[in-house]
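Participant: Predicted model and sequence below, questions to follow.
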Amino acid sequence: MTQTESTVVVRVGGEGGEGTITIGDIFSRIAARAGLEVYSFRTYPSEIKGGQVLYQARIGTQRVMSEGDEADVLVAMNQQAWTECNDHLCSMSTLIYDTNAVEVPESYGGVTYPIPATEIATDLDWARGKNFVLLGALTCLFNFDWEMTKAVVERRMQRHKDTLTKNLAALRKGYEYIQEHYTAPFDHALPLPDPDTIEERILITGAEAMAMGALAAGCQFYSGYPITPATPIMETLAKYLPSFGGTLVQAEDEIASINMIIGAAFAGKKAMTATSGPGFSLMIEALGLAGITEVPIVLVNVQRAGPSTGLPTKTSQGDLFLTLYGGHGDAPRFVIAPDSVKDCYYSMINAFSLAEYFQTPVIVLSDQAMASRLETMPWDTKLWNPVLERRLPTEEELAEDYRRYKDTEDGISSMALPGMSGGIYLAESLEHNEYGYPDQDPANHEKMMKKRAKKTETARKLLKDWASTARRWGEEDAAFGIIGWGSTRGAVREAMDLLQKRGIKVEAIYPHTLLPMPDEAMLSFFKHKKAVLVPELNFSSQLARMVEHRYYKALYKLNIQFHTLAKEQGVPFKVQEICDAVVKMIAEEEGC
Amino acid sequence: MTQTESTVVVRVGGEGGEGTITIGDIFSRIAARAGLEVYSFRTYPSEIKGGQVLYQARIGTQRVMSEGDEADVLVAMNQQAWTECNDHLCSMSTLIYDTNAVEVPESYGGVTYPIPATEIATDLDWARGKNFVLLGALTCLFNFDWEMTKAVVERRMQRHKDTLTKNLAALRKGYEYIQEHYTAPFDHALPLPDPDTIEERILITGAEAMAMGALAAGCQFYSGYPITPATPIMETLAKYLPSFGGTLVQAEDEIASINMIIGAAFAGKKAMTATSGPGFSLMIEALGLAGITEVPIVLVNVQRAGPSTGLPTKTSQGDLFLTLYGGHGDAPRFVIAPDSVKDCYYSMINAFSLAEYFQTPVIVLSDQAMASRLETMPWDTKLWNPVLERRLPTEEELAEDYRRYKDTEDGISSMALPGMSGGIYLAESLEHNEYGYPDQDPANHEKMMKKRAKKTETARKLLKDWASTARRWGEEDAAFGIIGWGSTRGAVREAMDLLQKRGIKVEAIYPHTLLPMPDEAMLSFFKHKKAVLVPELNFSSQLARMVEHRYYKALYKLNIQFHTLAKEQGVPFKVQEICDAVVKMIAEEEGC
Amino acid sequence: MGQLKAKDYKSGVKPIWCPGCGDYAVLNALTKAFAGLEIPHEEIVVASGIGCSSRFPAFIKTYGFHGVHGRPLPLATGIKLGNPDLTVVAVGGDGDGFSIGGGHMPHAARRNIDITYIVMDNSIYGMTKGQPSPTSPTGMHRKAAPYGTQETPLNPIMMALSYNASFVARCFSNKLKEMTDIIMQAIQHPGFAFIQVLSPCITFNDTYAHYREITQLIPEDHDTSDLAAALQLALVTDTQYLGVFYHDKERLGYCERVRMVQEAAPKMSLDAIIENYKR
Amino acid sequence: MGQLKAKDYKSGVKPIWCPGCGDYAVLNALTKAFAGLEIPHEEIVVASGIGCSSRFPAFIKTYGFHGVHGRPLPLATGIKLGNPDLTVVAVGGDGDGFSIGGGHMPHAARRNIDITYIVMDNSIYGMTKGQPSPTSPTGMHRKAAPYGTQETPLNPIMMALSYNASFVARCFSNKLKEMTDIIMQAIQHPGFAFIQVLSPCITFNDTYAHYREITQLIPEDHDTSDLAAALQLALVTDTQYLGVFYHDKERLGYCERVRMVQEAAPKMSLDAIIENYKR
Ligand SMILES: Cc1ncc(C[n+]2csc(CCOP(=O)(O)OP(=O)(O)O)c2C)c(N)n1
Ligand SMILES: Cc1ncc(C[n+]2csc(CCOP(=O)(O)OP(=O)(O)O)c2C)c(N)n1
Ligand code: SF4
Ligand code: SF4
Ligand SMILES: [Mg+2]
Ligand SMILES: [Mg+2]
């Protein structure tokens, strides 16, 4: 066990199409069912079949915050899985492998569990079931209950009735193989809680959590176009939206998606779409349309590594600038950056609140790693922030001279919905007057630009009172800080734990909204800092540049040194990388 | 005469469709032909016919740098033209108007030239010719030669043969009306040079100058989609490209346009497109494609006021952020900001040089005011900077193991063209290896990101030696500075002249490339400054924010105060606004 | 309500159109149709793209949405699905609908979304001052095509039929009564209705005389339920037939299908869904 | 040159396709066609969008361009116009070509740009793991459509004909010889050639058996110059006809038209043009 004694990292590697992800995923669910905490990570090539695939499940007896840097246990389905992993496996680690597919040199010093998985499966006349043989072996080693294991497999494979019996047989054989051949206790087995005392938690991916958040917020319309890694949001909502009287349309492209949700939101529904980089780029034009017509929409951008098609199945935080600044002309928008699977759920609720209340597009900026990993989370329906709704016109407003785009003090004007008598107005992409009719007068343009921009300032004030507009961990008076965003949080928090054990005090801040920025929280964070590190998964240190610019006066006055840590490789940070960077920062600053 | 004694501002106002722009345009040409310098401005509603239209021509005996704040002479074709202008006309100004359409109160104290233009035209059985009656009167007042006047009208109206005779008759009547009714010399008449000594100059719009620059650079392929105010670039090239063996395609949309030019450039041609905000937003996805496949393309964005459809015929500088930062993931691009009509021409040549040499997209960021105004400019074909070409593979490279995306020191690798034997490669939107084949390995991704980014650093070095990478005016040791970009230059330079007359010393800098930024020039500019003003035509002070961030350390160290002047009204700066802002900045800084 | 007149549906905003523009007739026909069908103002939305024709929503007294270029169909689809009780009409030009927005019609048609889509086809880009459009004839000379267009014009009726749109018709701005009647049928059609209106641009492409010459009403005996026959009529281009080419009265509209899905879906609470994630 | 074999046109990069994917046959047919026509590798460009089918260019030994989703046609158009001597083939999937990229085919067709466009139609989004595509049958159940698709499938052949594409054909991955032959004709056709290949996705939508049943060669007596007859054949959907539906041998290709414009244009120097701006 590498970082934390109470967690184990299990990695499953194999060729795409061999069911590698399948058994990794089921293993995670069995572990969760057994009462353990789970945090998973998957990487796969953009091919459908073929190509090396890796699934990593970190399980533990206490909350797990990252996927873990190194594997404790490797399940190798093919030679490459072993070869690739070998360099990273510390000698005390454990290897479970299919002896019919993997050759391990005698010199290898780790603990091994050789299993003739292909042979066993072939004997069952079901060669494809070798992955389930290995899964059976794995669950047995961890002392997971057979009946529970079987129940989880049955549930997950219910759509594949034809192969279920065969796979269960393979699973059983693997389970028994361990029972028969290995009696010594397994090094990595974790103490399992009494099944009756297990606290209710759910095991969910970030994408699913976002879909649930949308449902909780009252989303009634979704239009989207398939794109990795955002598709699961659409597929989850496709399943459930109709049950809530909602509608989901698979659009012909992303341009249609965003225009459709603008239409549905104009008509009165809470509406959203989800996409990734290339699709988001195509939505830039209509994002401005929502801005100037003041139509509330929620957009999820599940970032993947760009530029262009890039690495479509790999993670990145490279779309921040596009999200903050992508538009011709200035129009308000808000940006929320969830930083955990659980936060994915709450972020969607907040996103709808901001969108509806401010009649402004809101972008939720997630990423591949967060959206596609499984995490256990406690389920509670308590909402951290009030759910805000759209301001509808009062009867008096409708009775006389209704002005849809009335220039109010807070920038928010009431929004009539088609069907309301007296509320007729024009949603106009040209600059318009308070009624919505085109008006190209210089003074009117300036006035309306200001009216729309006021909403950002109103939001900044409102958000001050919101729980978790920025999250902070560690000690406030720490001299060294970390500013991060989104899914790097887990690695950062684990790094902080490790650093603390070494006596190094660090404080971290994760803004929940990146637009508007939580200025007060940031400035208070800076107060005691000597230097800050901004780790992020993109090439050009986008958050760092934005923060440095926004707060350079404070940074300068307080003489805070600014350090960046940019990684653009398609994979998440390792905890060690964060630790190293912090240590390096401190060394540089302390001059030692 | 308001700002400069040697120039006159003539404004023509009327209803769209009455030929207001036509006579304004012809008047500019007559003045240029008479040997005067011209700088024009036009504003019109986005309607085809109807709506108030304004054409302003500033003419002078020396170089004119802006359209002028106030009109010296107003030609009013309708009542609104007079009413709107009245507030702004200083009492010494002059009004020429159609007595059949405009009523001027007796209280009006300016000089007036009432002309029954509609009546005169109707007497000719050609009521529509009233605009030419007014034009005739105007040219006569300025003492322009009748034969020359007639020749210019004949040339401009050659496509309207059917109405030419009638319009010439109306013109003559107007000319004669002045001769008959007014003998006193016209207050605003300028001394005209001897026709034989007039230096050869051309009168050209910014859009036309960009088209000429493209031809000069060897552009051979254009694909574009009509959009105000970029269309004239396409229409000019449609006329001339075939004469150079080039091809122009009107594409089905902007997405097709940019993909077509990527295709043509890949096949070996210098290729470009031109668009405005909404179209540019649609090109963001493919811009990243050109970045990752390293295909040289030139994009012109003629900015208009946004957001969304906004004010399609009005000027703005609101697309800077989108141009600098618009893309999912990081890919290199260069940005050039021409600051005069003449510079439009050279900017295109430089844009092709940078695109071809660095195999990277280059965006030329112009605007409506600059693209659609006429300016006189001396014609010389001397190029300020070397014309750079694409690096093709050598025979040796092609002979063995050709690597299209070889990771070289300067980031530039040779580019084989289809047809070259031995050069076969894959232009790949996925991350790829040096051969172009997909490669999703973390280390490869990082390497290729770095390779592409190197080009920006190489360019920064190269551009240092280029003439006019940043232009500076005024005195280097001035304590107060102005940083601007693009078409605000004229107003700024005139303001500097006025300020100088009042004994106020200011220096201005206009970066020619906004990406990469000319760091050396900027830092040297900052050296003696106490405070700088950044005037720009957008809502959120985009250049100011970019510059402030990029140079905040220098600004802080030198204790330079940063002042913004943002105007987003769809119209250019007035010289007075710049003067006032500078005076205000100085007052604030000097504490008086 | 029964007393509403066409003029009651005018917003009072003066159209920006040139005098003589074909689009005036479309405005007249649509307002007449609304009055004829007695649809309350507030229950109508007119959505458009960008172009002269697309300025339409400002001139009509209903809810309106002037969107971005080429996207009236997705916008109108969203509006209709957002509130299926509304009468939703999408309008635009030939550039808007067949050039930049050409990718959306096949999908509106295959969804059979219950909206009426009126394209004011003047075979030119009016708003941007006269560039050739996808329906401009080959060889047409304009500033953007000084050597004449080299492309073959598209045939919008053929295209709509090939997408299997369930209501396909052609009108001419000069024939107000026929147009009003067809628009009324289209609005009442529960599904996607496409109407191509030959609506001349008097300023950049005056085709009134030409169309007066080559248009002709569809023969009375044409069976509008016969797709093959409709295709035959659409193939003819030297005569431009006016009237309803095709009308599929059987197919269900998209809103009805969506309603059926919603009805078929088990009613669930969020907590019930979350149960699935507990195991 | 005459000695080139199909396999010489394989790049050596192992296709990422699932074993049994219909796209292998297209790769085989296209390489055979290139070999048959003896076109040198370096004079060919294969351009594509995004999708399983669009990964094609990596597997073939010619110049290649793997562009963005839905844009192989504009890309290929630019390539061909950039260098008309090249043989340019655009390839992609049904999602790429009929969904996000559906707006481009009408324009490639009306330009009659001299490229061959092969759509590997598997009636599914393969690469993104099995969402319905524009040609998926009504009522198909997938994760993204758990209640079944509610849309009518598009008919790509009908659409191509309605765009007046000058060469329109359908192939089936199971019929390699016929496909090779048709691709050869398409490449030789000076103009826009559209080929729909029924190319099953064995992983998410295995339609081999279905297509074996319902496909049938176009009757030999079909006159490929008769658009009306082609439309009649295309209307039939319970049988999917294989072969050339339409072939217009008269119309000039776009490259030829562009050449004529260039020839008609007066040769001018920049200085000569500038003269116009002096007056
Ligand atoms: C994305 C985008 N591209 C281009 C334009 C410029 N534009 C405005 S209207 C128009 C075409 C109008 O033609 P059409 O749709 O036929 O309408 P018409 O004016 O002829 O009625 C164009 C290209 C735009 N507004 N947005
Ligand atoms: C702009 C954009 N949107 C979405 C995607 C995601 N995407 C990749 S391939 C694909 C569809 C593939 O379907 P098809 O074109 O039929 O090809 P197939 O995989 O079936 O061969 C989609 C939606 C993308 N890459 N880019
Ligand atoms: S330009 Fe043409 S389409 Fe536009 S309003 Fe005038 S006549 Fe109508
Ligand atoms: S997923 Fe389908 S389309 Fe993609 S490679 Fe596999 S079989 Fe072919
Ligand atoms: Mg039109
Ligand atoms: Mg497909």
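Facilitator: Ah, there it is. Because the structure is predicted, anything quoted here is derived from the model rather than measured. Ligands and ions are numbered 1, 2, ... in the order given.
Participant: quick one: average pLDDT of stretch C:90-104?
Facilitator: Averaging pLDDT along stretch C:90-104 yields 98.
Participant: what does stretch A:546-561 give?
Facilitator: 93.
Participant: Also stretch A:16-35?
Facilitator: On average, stretch A:16-35 scores 92.
Participant: Apart from its chain neighbours, what residue comes closest to whatever residue of the stretch 101-250 of chain C ends up closest to ligand 1?
Facilitator: Per C-beta to the nearest ligand atom, residue C:126 is where the stretch 101-250 of chain C lies closest to ligand 1, at 3.1 Å. From N, CA and C alone the C-beta is placed, and that goes for glycine too. Nearest residue to residue C:126, sequence neighbours excluded (C-beta to C-beta, 6 or more residues apart in numbering or on different chains): residue C:52, at 4.0 Å.
Participant: Next up, the contacts around the residue in the stretch 351-500 of chain A positioned nearest to chain D.
Facilitator: Here the residue of the stretch 351-500 of chain A nearest chain D is residue A:372; by C-beta to the nearest C-beta that distance is 12.3 Å. With contact taken as C-beta atoms under 8 Å, 6 or more residues apart in numbering or on different chains, residue A:372 is in contact with A:42, A:205, A:206, A:207, A:229, A:232.
Participant: Same list (those) but as CSV, adding pLDDT and neighbour count.
Facilitator: As requested, the contacts of residue A:372 are exported to CSV (pLDDT from 0 to 100; neighbours: other C-beta atoms under 10 Å in any protein chain shown):
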residue, pLDDT, neighbour count
A:42, 84, 24
A:205, 96, 24
A:206, 97, 30
A:207, 98, 28
A:229, 97, 27
A:232, 98, 22
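Participant: circling back to that earlier point, for the residue of the stretch 101-250 of chain C closest to ligand 1, phi and psi?
Facilitator: phi -70, psi -60 (degrees, to the nearest 10).
Participant: try residue A:8
Facilitator: phi -130, psi 140.
Participant: Tell me how many other residues surround residue 131.
Facilitator: By default, I'm working from chain A. 27 (other C-beta atoms under 10 Å in any protein chain shown).
Participant: Wait, chain C was what I had in mind.
Facilitator: 26.
Participant: Might you report the residue contacts of it?
Facilitator: B:226, B:231, B:250, C:124, C:125, C:142, C:143, C:144, C:145.
Participant: Dump those to CSV, plus pLDDT, distance to ligand 2 and neighbour count.
Facilitator: Formatted as CSV, the contacts of residue C:131 follow (pLDDT from 0 to 100; distance: C-beta to the nearest ligand atom, whole Å; neighbours: other C-beta atoms under 10 Å in any protein chain shown):
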residue, pLDDT, distance to ligand 2, neighbour count
B:226, 98, 24, 23
B:231, 98, 27, 25
B:250, 98, 24, 27
C:124, 98, 31, 27
C:125, 98, 27, 29
C:142, 96, 33, 21
C:143, 96, 34, 16
C:144, 96, 29, 23
C:145, 97, 31, 21
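Participant: As a check, name the ranges of all strands in the stretch 151-300 of chain A.
Facilitator: Taking DSSP state E, counting those that start in this stretch, the strands of the stretch 151-300 of chain A run over residues A:201-205, A:221-224, A:247-250, A:271-275, A:298-303.
Participant: Given the third one, what are its sheet partners and their directions?
Facilitator: It refers to strand A:247-250. Strand A:247-250 has the following strand partners under DSSP bridges: strand A:221-224 (parallel).
Participant: Using CSV, write down the CA coordinates of the strand it pairs with.
Facilitator: The C-alpha atoms that make up strand A:221-224 are tabulated as CSV, following Å, rounded to 0.1, in the frame of the first residue of the first chain:
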residue,chain,number,x,y,z
PHE,A,221,-35.3,19.7,-21.6
TYR,A,222,-32.1,18.3,-23.0
SER,A,223,-30.7,18.5,-26.5
GLY,A,224,-27.3,17.1,-27.2
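Participant: And that strand, how far out from the chain middle?
Facilitator: Chain-centre distance of strand A:221-224: 19 Å, with C-alpha atoms, centre = their mean, to the nearest Å.
Participant: Sketch out the low-pLDDT regions of chain A for me.
Facilitator: A:1-5, A:46-50, A:87-92, A:381-383, A:592 (pLDDT under 70).
Participant: Got the domain ranges for it?
Facilitator: Domain assignment for chain A by automatic domain parsing gives A:7-198, A:204-378, A:395-463, A:470-590.
Participant: Please see if the shortest one touches ligand 1.
Facilitator: Which is domain A:395-463. No: Domain A:395-463 lies out of reach of ligand 1 by C-beta under 6 Å from any ligand atom, never closer than 8.8 Å.
Participant: right, is that domain up against chain B?
Facilitator: Yes: counting by C-beta under 8 Å from any C-beta of the partner chain, chain B is contacted by domain A:395-463 at A:429, A:430, A:431, A:438, A:440, A:442, A:443, A:445, A:446, A:449, A:453.
Participant: Do me a favour and get the end-to-end distance for that domain?
Facilitator: 29 Å (C-alpha to C-alpha, to the nearest Å).
Participant: and it, does that touch chain C?
Facilitator: Yes: using C-beta under 8 Å from any C-beta, domain A:395-463 comes into contact with chain C via A:417-430, A:436-438.
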